[in-house]
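Q: Got a sequence here, can you model it:
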Amino acid sequence: MFRLKPGIKSDPVKRWNLSERVFFACGACHILAYAFLEAYPEQGFHAVWIRPAEGFTGNHVFVTDGKTAFDFHGYRCEEALVAHHWAKGRLWWPGWDGTLVPLPQDVLVSEAKSKSYDGLWLREPGQFLHDALPRARAFLRRFGPPPG
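A: Predicted coordinates:
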């Protein structure tokens with residue numbers, strides 16, 4: 001989890017120019033999750049949204065098969081990913097809490113479908129300065145296929 005300086009998310013150029021890791025941690029995690037599911041459809045992974053409790057920020061989307069998870073960090077144990085997110089959230093925002101919400105793959109690239117989930121509003125790949133999907137595919141290739 002990263003916290004951006006004010007104004008970066010609202011500036012398309014500054015947002016696009018973030019490092020890959022920060023870009024896919026701060027507002028494009030769902031695009032990376034979609035690229036993963038597109039690349040490895042037979043591996044048994046699905047998308048999960050970390051939905052902050054009302055009044056808090058700290059949304060995140062990752063993919064998991066129930067044991068192994070993948071996000072901007074790469075592969076790791078799902079339990080470790082969730083624990084890390086909760087620890088950071090509580091460090092920055094006392095009382096932070098959230099829930100894990102499974103998401104269908106098509107929601108990850110549809111603003112309209114994402115809005116059908118209370119509290120979720122995802123940008124489509126083409127709503128960034130440039131199409132974010134090719135960038136996500138290239139970043140994903142650095143990690144290779146899921147282990148095991």
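
Q: which SS state does Leu133 fall under?
A: Secondary structure, DSSP: H, G, I helix; E, B strand; the rest coil: Leu133 is helix.

Q: what about the nearest residue to it once chain neighbours are set aside, distance to Trp49?
A: Leaving aside its sequence neighbours, Leu133 sits nearest to Pro125 (CB to CB, 6 or more residues apart in numbering; 4.1 Å). Any C-beta I mention is one placed from the backbone N, CA and C, and that applies to glycine too. Here Pro125 is placed at a distance of 17 Å from Trp49 (CB to CB, to the nearest Å).

Q: So those two - more neighbours on which side?
A: Trp49 (25 against 20; other CB atoms under 10 Å).

Q: List the buried residues in the helix or strand bottoming out on mean pLDDT in the chain.
A: Lowest by mean pLDDT, DSSP states H and E among the helices and strands of the chain is helix 12-16, with a mean of 88. Neighbour-count burial for helix 12-16, counted by 16 or more other CB atoms under 10 Å, picks out Arg15.

Q: in this protein, which spans are strands?
A: 46-52, 60-64, 68-71, 74-77, 98-103 (DSSP state E).
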